[in-house]
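Q: Quick one, what's the 3D model for this:
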Amino acid sequence: MSDPVRRPTDKRWCEKVTLDLRNSGGTAVRSGTVTFGTHIIGALGIDWATIESSEELPAPIGAGERKEKTWTVCVDAWRVPLGMHIETQDVSVQWK
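A: Next up, the predicted model:
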């Protein structure tokens with residue numbers, strides 16, 4: 001998995017997160033989950049909270065195959081008052 005590439009949206013409580021997923025194993029990945037750790041950052045750069053969310057992987061991913069997928073990751077709007085923003089910094093994947 002690549003490092004996440006983040007792009008803003010028109011809402012401060014959402015962003016687009018793109019991952020490059022590569023199956024370097026010898027068998028296809030049939031399912032899995034990607035978990036995003038989205039940090040809520042205050043106006044002075046203070047990390048106030050981390051909210052986790054999960055999405056399904058774009059399966060199947062064949063042996064030696066690569067897929068790129070973009071998800072829109074959001075937290076509840078009330079968690080991100082004016083002057084604050086989000087950053088999806090932590091990403092983990094469970095392959096099945």
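
Q: in the chain, which residue is closest to the centre?
A: F36 (4.2 Å; CA atoms, centre = their mean).

Q: Okay, now the sheet partners of the one helix or strand that one maps to, with direction.
A: F36 belongs to strand 32-41 when assigned by DSSP states H and E. Using DSSP bridges, the strands paired with strand 32-41 in its sheet are strand 47-56 (antiparallel), strand 85-95 (antiparallel).

Q: tell me the most buried of those?
A: Comparing these by mean neighbour count (mean count of other CB atoms under 10 Å), strand 85-95 comes out on top with a mean of 16. C-beta: built from backbone N, CA, C; applies to glycine.

Q: and the residue nearest to the centre of the chain, what does it touch?
A: Taking CB atoms under 8 Å, 6 or more residues apart in numbering, we find F36 in contact with V17, E52, S53, S54, E55, W71, V73, T88, D90, V91.
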